[in-house]
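Asks: Using only what follows, build the 3D model:
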Amino acid sequence: MTTEHRPSRRELDPGELAARLATLVRERLEATIDDLEPLEGGRSSLTYRATLTRNGGSGESIVVKIAPPGLEPVANRDVLRQARVLEVLARDGRVPVPSVLLTEAGAPPATPPLFLMNLVDGATVEPIFSASGTLPGADVVRGRAFAAARGLAALHAVPVHGFGAGEPVVTIVDELVRWDRTMQAAGGSEESDLIRERLLATVPADIAPTLVHGDFRLGNCLFVDATLTAVLDWEIWAVSDPRIDLAWLMLTAMPDTHPGADRAPEGMPSPEEVVEHYRVHTDRPGATENMDWFLASALFKMAAMTRHIGKKFPADDPRRTGREAGAARMLAAASALL
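Replies: Purely as a prediction, here's the structure:
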């Protein structure tokens, strides 16, 4: 009997990556690349910063995104899919995003795909997370939240036909079932089962699907002062109901409920103010209706994610018990909304 070999994630050789990039930029961009260094983050893919110098020009800062070696580049590891949405959005012009400089398919899983994009000026701070950085003034915090709401309305106005064939519409039931699987994998509970059943029994009517970011929050936006300069991290974009994004943005304006929140930023608008600002700037019929249901669904999703992460730690570890307590708060808030 033979055992099937399944590829596993392995460490990326920095020397191999540097040599590969040097060849790519020389042949494709007539440029050189230097100062390659890893950036923090990148759970689903790897992210690097580098300096690109074109013939006769000065160096420009760029970002390299590459799928993890040893694994098939699918789902949130599909960096070429991320590059594709960035290219479409850049051509459309409504939503600020980094410019894709080149893509390369590689030969996965051994040689993973990658793409290069420019490094956009700006700062990214999640107001309710102290670990994400120092808060700007209250006026800037408020201005950024409203700029994000306007950016989200602009995103949902982008025609979905620009993404070509092969992108299925993800229904709100699909989304709920997906996160229930995560909840069940983390152990589930009588309360989470009850909330799932309540959500399924009260699913709102569909509205026209749009491009959905999937993790739209201030921590995934770059700002100069209160001006939105780029929306980042497109690992889980989809064609789906725009209210999924709006509810997720609302959740990051709820420091009393979000399990990861450790500060209540001065100037942050309420979830209701965020929705109203979005409503004023969208032309999507129904895009702010039934938001209690969508917020309850977002709370269920976050509770599932929180429990799933907590299960990695021993039962008495504060990193697990704290997450369990956070998930319980979110489920209670979802139950109250329903």
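
Asks: Now do the contacts for S58.
Replies: Residues in contact with S58 (C-beta atoms under 8 Å, 6 or more residues apart in numbering): none are found. Any C-beta I mention is one placed from the backbone N, CA and C, and that applies to glycine too.

Asks: Can you read off the pLDDT for it?
Replies: Per-residue pLDDT puts S58 at 85.

Asks: swap in V160?
Replies: 89.

Asks: show me where the chain has strands.
Replies: 31-38, 46-54, 59-66, 100-104, 114-118, 169-170, 210-212, 221-224, 227-231, 238-240 (DSSP state E).

Asks: Serialize these to TSV and add fields for distance to V177 and mean neighbour count.
Replies: Listed next are the strands of the chain as TSV, based on distance: least, C-beta to C-beta, whole Å; neighbours: other C-beta atoms under 10 Å:
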stretch	distance to V177	mean neighbour count
strand 31-38	35	15
strand 46-54	30	18
strand 59-66	29	20
strand 100-104	32	19
strand 114-118	31	23
strand 169-170	10	15
strand 210-212	16	25
strand 221-224	29	20
strand 227-231	27	20
strand 238-240	13	19
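
Asks: Which one, of these, ends up nearest to L249?
Replies: strand 221-224 (9.9 Å; C-beta to C-beta).

Asks: Chain neighbours aside, what residue packs nearest to L24?
Replies: Spatial nearest neighbour of L24, excluding adjacent residues (C-beta to C-beta, 6 or more residues apart in numbering): E104 at 5.7 Å.

Asks: Can you name the residues bridging to that neighbour?
Replies: Note on E104: beta-bridge partners L114, judged by DSSP bridges.

Asks: which non-adjacent residue is nearest R54?
Replies: A31 (4.4 Å).

Asks: so what's the most centrally placed residue in the chain scoring on pLDDT?
Replies: Note on the chain: the residue nearest the mean C-alpha position is D215, at 3.4 Å, using C-alpha atoms, centre = their mean. Looking at D215, its pLDDT stands at 95.

Asks: ok, now which ones touch it?
Replies: Contacts of D215 (C-beta under 8 Å, 6+ apart): D233, E235, I236, W248.

Asks: just to revisit the earlier point, and the residue nearest to L24, how close does it get to A67?
Replies: 11 Å (C-beta to C-beta, to the nearest Å).

Asks: Next, show the common contact partners of the two.
Replies: Joint contacts of E104 and A67 (C-beta under 8 Å, 6+ apart) are P113, L114.

Asks: among the contacts of D215, which two are most distant?
Replies: E235 and W248 (14.0 Å).

Asks: Mind listing the shared neighbours of these two?
Replies: Counting by C-beta under 8 Å, 6+ apart, the residues touching both E235 and W248 are G214, D215.

Asks: does A157 really touch H281, like I thought?
Replies: No: applying C-beta atoms under 8 Å, one finds A157 not in contact with H281, separated by 9.2 Å.

Asks: returning to that earlier point: can you tell me which of the strands of the chain is nearest to E276?
Replies: Closest among these, using C-beta to C-beta: strand 227-231, at 18.3 Å.

Asks: And that closest one, how far out from the chain middle?
Replies: Here strand 227-231 is found 15 Å from its chain centre; the criterion is C-alpha atoms, centre = their mean, to the nearest Å.

Asks: again, but for stretch 184-203
Replies: Using C-alpha atoms, centre = their mean, the offset of stretch 184-203 from its chain centre is 24 Å.

Asks: Rounded mean pLDDT for it, please.
Replies: Rounded mean pLDDT across stretch 184-203 is 95.

Asks: Name the residues of it that are buried.
Replies: A186, S189, S192, I195, R196, R198, L199 (16 or more other C-beta atoms under 10 Å).

Asks: Make JSON lines out of those residues and add distance to R49.
Replies: Output for the buried residues of stretch 184-203, formatted as JSON lines (distance: C-beta to C-beta, whole Å):
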{"residue": "A186", "distance to R49": "34"}
{"residue": "S189", "distance to R49": "42"}
{"residue": "S192", "distance to R49": "40"}
{"residue": "I195", "distance to R49": "42"}
{"residue": "R196", "distance to R49": "41"}
{"residue": "R198", "distance to R49": "45"}
{"residue": "L199", "distance to R49": "41"}
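
Asks: out of the residues you listed, what pair is the most spread apart?
Replies: A186 and R198 (19.2 Å).

Asks: can you pull the contacts of H258?
Replies: Contacts of H258 by C-beta under 8 Å, 6+ apart are I128, L251, T252, M302, G326, M330.
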